[in-house]
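Trainee: Have a look at this prediction, sequence included:
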Amino acid sequence: MAGMVRLRRSNSDDTDVEDPEVEAACRSFEGYLMEMLLEDHKMRDLKDVEELIYCLDSLKSPVFVDLVCRFYGELCKDLFSEKFESPTVEEKH
């Protein structure tokens with residue numbers, strides 16, 4: 001999804017600070033989300049995701065942008081970090 005919002009957080013001199021681990025986890029999440037939507041042909045869900053991205057992209061307040069970026073970054077790290085290992089068959093039962 002080319003229009004996906006990039007995870008960014010600005011510091012006081014207005015330069016972008018990026019965490020490579022968060023960036024990689026977010027890319028993994030984006031890929032997983034797109035694969036899931038395309039495989040299941042859930043075009044309505046895709047529209048919802050596009051609307052969410054538009055809303056996130058239109059945020060102007062640095063406080064809200066930082067809050068959303070931190071939440072999204074932590075969510076991506078927790079769910080899609082390279083360190084995340086899926087449970088084995090024995091662990092599921």
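Mentor: Here it is on my side, so go on. Numbering: from 1, shown residues only.
Trainee: just so I have it, where are all the strands in the protein?
Mentor: All strands of the chain, identified by DSSP state E, fall at 9-10, 16-17.
Trainee: Out of the helices and strands in this protein, which is least certain?
Mentor: Sorting the helices and strands of the chain by mean pLDDT, DSSP states H and E puts strand 9-10 at the bottom, at a mean of 40.
Trainee: Leu59 contacts Val68, correct?
Mentor: Yes. Contact criterion CB atoms under 8 Å: Leu59 and Val68 qualify, at 6.5 Å. All C-beta spots, glycine's among them, are computed from the backbone N, C-alpha and C.
Trainee: Do you know the pLDDT at Asp40?
Mentor: You'll see Asp40 listed with a pLDDT of 64.
Trainee: make that Arg8, sorry
Mentor: 43.
Trainee: cool, the one 5 residues further on as well?
Mentor: The confidence metric pLDDT takes the value 40 at Asp13.
Trainee: Ok, the one 3 residues further on next?
Mentor: Model confidence at Asp16, given as pLDDT, is 46.
Trainee: and if you look at Met34?
Mentor: Predicted confidence (pLDDT) for Met34: 73.
Trainee: do the one 10 residues further on as well
Mentor: pLDDT recorded at Arg44 is 67.
Trainee: Now do the helices in the chain.
Mentor: 20-39, 43-57, 62-80, 89-92 (DSSP state H).
Trainee: same for the first one, what does it pack against?
Mentor: Applying 3 or more CB pairs under 8 Å, 6 or more residues apart in numbering; DSSP states H and E, one finds that helix 20-39 contacts helix 43-57, helix 62-80.
Trainee: which stretch in the helices of the chain has the least confidence?
Mentor: Among the helices of the chain, helix 89-92 scores lowest, with a mean of 49.
Trainee: could I get the helices of the chain as TSV with mean neighbour count?
Mentor: Shown next, in TSV, are the helices of the chain (neighbours: other CB atoms under 10 Å):
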stretch	mean neighbour count
helix 20-39	15
helix 43-57	12
helix 62-80	15
helix 89-92	7
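Trainee: circling back: select, out of the helices and strands packed on helix 20-39, the one closest to Ala24.
Mentor: Set against Ala24 and scored by CB to CB, those come closest in helix 62-80, at 8.4 Å.
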